[in-house]
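[1] okay, here's the prediction I keep looking at, along with the sequence it came from:
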Amino acid sequence: LRPGEFSLPGDVSSQYISGLLMALPLLNEGSALTVTGGLESAAYVTMTEDTLRRGGVSLRKTGGTWHIPGGQRLRFPDRLTAEGALSPEGVTVHGLDLASSQGDRAVLNILAAMGARVSTENGSVTVRRGELKGVAIDAGPIPDLIPVLCVTAAGAEGDTQIFNAGRLRLKESDRLRTTAQLLTALGGSAEEQPNGLLIHGTGRLRGGIADSCGDHRIAMSAAVAACLCESPVTVQGMACVSKSYPHFWEDFDALKGGGL
């Protein structure tokens, strides 16, 4: 990769933008990165900027263009903390920054709208199962949440409509298709649409064999789906979670009822 001027469309995947923002400061000369059109999942890019600045990287943005000096080095602290519905007892997550630029914080509002009991206190969030109902979810700002939210929708009563989700076809798998296949394989009902999904929630799933399709988010969603299932769930290709959450299976096993 050579320094220079780069241009990317903003409506395909924020991951391309984040990847270049991580790489360009390390080159021997300065670069410019321009995003054309509307920027989807903008909060993910903001989170990348925040993280890079924590590592000592200098970025300057003018309009839709980042100006990035070259010859920089990352100097992160020795330890960084990553930010982290179906359980009646509840799950509490500690160490969260409730003012973070992480767009996926929207999950709290979505779960509350579905009927989950959500409470926050001193940087901790507790979610307990309530009488879940179907809702409409705009996937545009939060594409990474859609597979696991679809699992939650399967545990609700009524239909959940996922819309503005066409970009999910461009992930590690075609996540509109693989999410629908996941739910169907476990006894749920999901309709794949050109730019979304329609989940027919019944409150329970049957269980069975789930193929991760090499996609970390599908594998983790299959594990969460086991909380709804009457019979065990076998996740094929479980090792793919190492891409984003290497200790997922250990942490999942540590939760009550999470036997492997």
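    Sure, I can see it.
[2] partner strands of the helix-or-strand element of the chain with minimal mean pLDDT, with direction?
    Of the helices and strands making up the chain, the lowest-confidence element is strand 91-93, at a mean of 86, by mean pLDDT, DSSP states H and E. If you go by DSSP bridges, strand 91-93 pairs up with strand 124-128 (antiparallel).
[3] ok so, going back, report the buried residues of the least confident helix or strand of the chain.
    For strand 91-93, a neighbour-count test (16 or more other C-beta atoms under 10 Å) marks nothing as buried. Yep, even glycine has a C-beta here, placed from its N, CA and C like the rest.
[4] ok, residue 207 touching residue 235?
    No: at 11.5 Å, residue 207 and residue 235 do not qualify as touching, with contact defined as C-beta atoms under 8 Å.
[5] which of those two has more neighbours?
    Each of residue 207 and residue 235 has its neighbours counted (other C-beta atoms under 10 Å); residue 235 has more, 23 against 18.
[6] assign that one to helix, strand or coil.
    strand (DSSP: H, G, I helix; E, B strand; the rest coil).
[7] nearest spatial neighbour of it, skipping sequence neighbours?
    residue 222 (4.7 Å; C-beta to C-beta, 6 or more residues apart in numbering).
[8] ok so that neighbour is a helix residue?
    Yes: according to three-state DSSP, residue 222 belongs to a helix.
[9] pull the contacting residues for it.
    Listed by C-beta atoms under 8 Å, 6 or more residues apart in numbering, the contact set of residue 222 reads 182, 186, 210, 212, 233, 235.
[10] quick check: it vs residue 151, distance?
    8 Å (C-beta to C-beta, to the nearest Å).
[11] where do the contact lists of these two overlap?
    Common contacts of residue 222 and residue 151 (C-beta under 8 Å, 6+ apart): residue 182.
[12] circling back: distance of the residue nearest to residue 235 from residue 87?
    Computed as C-beta to C-beta, the residue 222 to residue 87 distance reads 17 Å.
[13] quick one, phi/psi of residue 189?
    Dihedral angles of residue 189 (phi, psi; degrees, to the nearest 10) stand at phi -130, psi 120.
[14] any idea which helix or strand comes after whatever helix or strand residue 162 lives in?
    Secondary structure from DSSP states H and E places residue 162 in strand 157-163. Using DSSP H and E, the helix or strand that follows strand 157-163 towards the C-terminus is helix 175-185.
[15] partner strands of the helix or strand that that next one is followed by, parallel or antiparallel?
    Sequence-wise, the next helix or strand downstream of helix 175-185 (DSSP H and E) is strand 189-193. Sheet pairing of strand 189-193 (DSSP bridges) gives strand 196-202 (antiparallel).
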